[in-house]
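Chemist: Starting from these lines, generate the structure:
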Amino acid sequence: MLKQLLAATRPPLAALLLTLPLAGQATTPQKPEWPVFVDHYIESFLVAHPAFAVVQGRHEFDGQLPDWSKEGIAREIARLKAQRQSALAYRDEDLTAEQQYQRDYLVSAIDGQLFWLDDAEWPFRSPDFYFSWLTDSIGPSPYISLTYAPPEERIQSFTRYANNLPTAIAQIRDNLRMPMPRTVLRYGIDSFGGLAAFFRDDVAEAFASVKDEKLLADFNTARENAASAIQGLADYLESNRATATEDYAMGPELFRKMIYATERVDISLKDLEAIGRADMARNQAALKQACAEFAPGKPIAECFAKMANRKPEGGPVAAARRQLEETKAFVIAKDLVTIPGKEEALVQESPPYARSNAAFINIAGPYEKDQPSIYNISPPNPAWPKDVQEAYIPGESDLLFTSVHEVWPGHFLNFVHANRAEFTFGRVFVTYAFGEGWAHYTEEMMLEAGLRDRSPETRIGQLANALLRNARFLSAIGLHTQGMSIEESEKLFMEQAYQDKGTAEQQAARGTYDPAYLNYTLGKLMIRQLRDDWVKERGGRDAWRQFHDEFLSYGGPPIPLVRGQMLGGDAEAVFYRGE
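Modeler: Model prediction:
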């Protein structure tokens with residue numbers, strides 16, 4: 001529908017999406033007070049998405065999984081469309097200025113859900129949908145990594161969850177369309193296969209302290225049945241390798257709609273690509289300057305390799321633990337952003353079913369009390385050659401900025417603030433570009449503030465991460481709108497972002513099933529420009545902490561909405577384009 005409308009009239013994409021669902025509306029239903037509507041929306045969403053609710057810390061939903069049947073997904077699409085219409089029935093004259101912003105935030109969250117469910121049809125096109133951090137995930141992390149209840153209670157919750165998995169797995173198998181793109185299929189095989197292995201070999205360790213024989217017997221029966229069902233899905237996906245395709249591209253119209261529906265960024269793909277290329281060129285120039293100091297006379301690739309070859313002492317997990325102490329102390333010493341609580345993040349090796357990216361963090365949800373967040377670091381794929389495995393382990397300075405990104409002051413601190421947001425909706429619904437954009441922004445911000453005295457090696461570590469995200473940005477656009485091949489994407493990661501082969505292979509593949517991974521750079525550049533505009537009349541560098549605290553207080557809406565609130569103007573996407 002979007003394609004035909006654009007071809008006919010070419011209205012601004014923002015106007016198109018805000019008006020289409022209201023067509024044919026005849027009457028305005030009786031409306032509750034706005035705060036009551038918001039509370040009802042949150043609760044109804046949690047009921048429809050119980051796995052998401054558990055991650056948020058609502059343990060009355062423990063053990064439940066969503067209805068992933070075709071009929072269940074159709075009902076959820078209809079429910080969201082009805083909720084969207086109800087939200088837009090609150091006109092400006094019904095609301096305060098703050099509530100108008102809240103309405104726009106809520107509607108944007110619905111649009112993001114509807115995009116993936118309805119427009120992109122992701123439940124039918126990608127196994128990644130079932131491991132998403134933005135909605136329900138089939139993973140068992142809340143029951144394993146948290147101690148919100150005694151192990152005797154948690155093992156019962158896990159058992160209920162495991163007993164529900166065979167039904168969910170059958171729905172997923174029925175949903176996934178074949179033939180499937182090769183890299184997307186491989187993601188499904190690895191993820192579901194890793195999950196099955198985790199159930200068989202590792203999950204019992206989480207409940208080793210439980211001695212009740214009945215609880216253990218029920219648990220073991222449930223996990224064995226679940227493992228068998230999950231492995232059956234992995235085997236089914238494996239059986240489809242011979243017919244796998246290279247047909248992973250979204251296409252330009254759907255890709256552009258994704259950026260607006262999920263992030264409220266209304267921009268042509270030509271301009272979007274130009275922004276990404278300019279930022280990559282900025283970072284490459286900075287890398288050239290840093291390398292002239294770090295490895296004078298050497299080619300950039302050799303300079304980069306010198307940084308990457310100084311591996312973390314004691315391994316990445318042990319080194320990351322030391323880095324968290326260092327980066328937290330630096331944030332405090334430089335007064336960069338308020339740390340409003342005593343929450344901490346733990347570091348561990350990623351579980352086998354969640355190793356499609358080098359590092360990630362599981363954050364304790366807004367309804368949890370006194371629970372840790374887990375910063376996960378993935379080991380190399382043992383199927384890779386030894387030299388590729390060794391190259392995959394990041395250099396110590398590269399890992400430093402991963403630790404900045406994931407914990408201090410990146411994702412973890414973002415959610416520490418978000419969990420205290422005045423608008424409860426902001427605690428629960430965080431957009432991709434806000435979350436990843438903030439985390440990526442903090443890497444460069446920490447370097448600007450003088451982390452490790454901005455030594456050449458430290459600058460190269462930061463730029464390694466920046467260039468990786470630049471390559472993601474350009475690969476997402478290329479893979480989905482310009483006919484870029486996976487091999488061409490791998491080449492971009494290696495030759496323009498100086499990544500090792502294992503990382504390049506992993507990241508190019510990720511771009512086929514995570515087209516929104518351009519949001520790291522997209523969000524960072526919007527935050528950077530917003531900071532510069534906001535502090536200009538408020539003291540410059542001396543106002544950074546105030547800016548960061550104010551920005552994080554919103555929770556996680558689309559960044560253009562935050563810009564409108566902080567600067568008092570329109571909600572628009574404005575990007576940093578270099579000094």
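
Chemist: Around residue 399, count how many other residues there are.
Modeler: 24 (other C-beta atoms under 10 Å). (Glycine included, C-beta is placed from N, CA and C.)

Chemist: Please, which helix or strand holds it?
Modeler: Residue 399 belongs to helix 396-406 when elements are defined using DSSP states H and E.

Chemist: Residues in contact with the helix or strand following that helix: which ones?
Modeler: With elements assigned by DSSP H and E, the helix or strand that comes after helix 396-406 is helix 411-418. Contact with helix 411-418 is made by 331, 337-341, 343, 345, 361, 363-364, 366, 373, 375, 405-407, 426-427, 430, 434-435, 438-439, 549, 552-553, 555-556, as judged by C-beta atoms under 8 Å, 6 or more residues apart in numbering.

Chemist: change it to 6 Å
Modeler: 341, 343, 345, 361, 363, 373, 427, 438-439, 552, 555-556 (C-beta atoms under 6 Å, 6 or more residues apart in numbering).

Chemist: Distance check, the closest residue to residue 549 other than its chain neighbours against residue 447.
Modeler: Nearest residue to residue 549, sequence neighbours excluded (C-beta to C-beta, 6 or more residues apart in numbering): residue 338, at 5.1 Å. According to C-beta to C-beta, to the nearest Å, residue 338 stands 20 Å off from residue 447.

Chemist: related to what we said a few turns ago, so among the contacts of helix 411-418, which ones count as buried?
Modeler: Buried members of the contacts of helix 411-418, scored by 16 or more other C-beta atoms under 10 Å, are 343, 345, 361, 363, 373, 427, 438-439, 552, 555-556.

Chemist: From the residues you listed, which land in strands?
Modeler: Judged by DSSP state E, the buried ones among the contacts of helix 411-418 include 345, 361, 373 as members of strands.

Chemist: Next, format those residues as CSV and append pLDDT.
Modeler: Shown next, in CSV, are those (pLDDT from 0 to 100):
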residue, pLDDT
345, 93
361, 90
373, 89
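
Chemist: Adding distance to residue 54, write the residues you listed out as CSV.
Modeler: Compiled in CSV, these are given as follows (distance: C-beta to C-beta, whole Å):
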residue, distance to residue 54
345, 20
361, 17
373, 15
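
Chemist: which one of those is nearest residue 327?
Modeler: The shortest gap between residue 327 and any of these belongs to residue 345, at 10.9 Å (C-beta to C-beta).

Chemist: how close does the closest residue to residue 372 other than its chain neighbours sit to residue 143?
Modeler: Nearest residue to residue 372, sequence neighbours excluded (C-beta to C-beta, 6+ apart): residue 346, at 4.9 Å. Separation of residue 346 from residue 143 (C-beta to C-beta) stands at 16 Å.

Chemist: what's the neighbour count on residue 310?
Modeler: 13.

Chemist: circling back to that earlier point, find the pair from the buried ones among the contacts of helix 411-418 with maximum spatial separation.
Modeler: Top of the distance list for the buried ones among the contacts of helix 411-418 (C-beta to C-beta): 345 and 555, 19.1 Å.

Chemist: Who are the contact partners of residue 53?
Modeler: Residues counted as contacts of residue 53 (C-beta under 6 Å, 6+ apart) are 46, 61.

Chemist: what about 10 Å?
Modeler: With contact taken as C-beta atoms under 10 Å, 6 or more residues apart in numbering, residue 53 is in contact with 42-43, 45-47, 59-62, 64, 66, 136, 142, 365, 367, 428.

Chemist: re earlier: please tell me how far the residue nearest to residue 549 sits from residue 551.
Modeler: 12 Å.

Chemist: These two: which is more packed in?
Modeler: residue 551 (23 against 18).

Chemist: Verify the contact between the more buried one and residue 441 for me.
Modeler: Yes - using C-beta atoms under 10 Å, residue 551 makes contact with residue 441 at a distance of 9.4 Å.

Chemist: Are there residues contacting both of those two? Which ones?
Modeler: With C-beta under 10 Å, 6+ apart, residue 551 and residue 441 have common neighbours 527, 530-531.

Chemist: Now, of these, which are buried?
Modeler: Buried among the shared contacts of residue 551 and residue 441 (16+ other C-beta under 10 Å): 527, 530-531.

Chemist: and which of these is nearest residue 387?
Modeler: Using C-beta to C-beta, residue 527 is the member of these that sits closest to residue 387, with 37.6 Å.

Chemist: Could you tell me what pLDDT the model assigned to the closest one?
Modeler: Residue 527 is assigned 98 on the pLDDT scale.

Chemist: How about the secondary structure of the spatially closest residue to it that is not a sequence neighbour?
Modeler: In space, and not counting its chain neighbours, residue 527 is closest to residue 441: 4.5 Å by C-beta to C-beta, 6+ apart. With DSSP: H, G, I helix; E, B strand; the rest coil as the basis, residue 441 sits in helix.

Chemist: hang on, residue 441 packs against residue 520?
Modeler: Yes - the pair residue 441 / residue 520 is scored as a contact, 9.3 Å apart, by C-beta under 10 Å.

Chemist: Give the residues shared as contacts by these two.
Modeler: In contact with both residue 441 and residue 520: residue 405, using C-beta under 10 Å, 6+ apart.

Chemist: before we move on, the earlier item: CSV please, covering the shared contacts of residue 551 and residue 441 and showing distance to residue 390 and secondary structure.
Modeler: Output for the shared contacts of residue 551 and residue 441, formatted as CSV (distance: C-beta to C-beta, whole Å; DSSP: H, G, I helix; E, B strand; the rest coil):
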residue, distance to residue 390, secondary structure
527, 35, helix
530, 40, helix
531, 38, helix
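
Chemist: In TSV: the residues you listed, plus distance to residue 416.
Modeler: Listed next are the shared contacts of residue 551 and residue 441 as TSV, based on distance: C-beta to C-beta, whole Å:
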residue	distance to residue 416
527	17
530	21
531	19
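
Chemist: follow-up on the earlier one: of the buried ones among the shared contacts of residue 551 and residue 441, just say which sits nearest to residue 495.
Modeler: Among these, residue 527 lies closest to residue 495 (C-beta to C-beta), at 28.2 Å.

Chemist: Could you list the low-confidence segments of this protein?
Modeler: The chain contains residues with pLDDT under 70 at 1-29, 353-354, 356, 579.

Chemist: on that earlier part again, now do the SS call for the residue nearest to residue 549.
Modeler: Secondary structure state of residue 338, per three-state DSSP, is coil.

Chemist: contacting residues around it?
Modeler: 331-332, 409, 413, 416-417, 545-546, 548-549, 552-553.

Chemist: and it, backbone torsions?
Modeler: The phi and psi values for residue 338, taken as degrees, to the nearest 10, are phi -70, psi 140.
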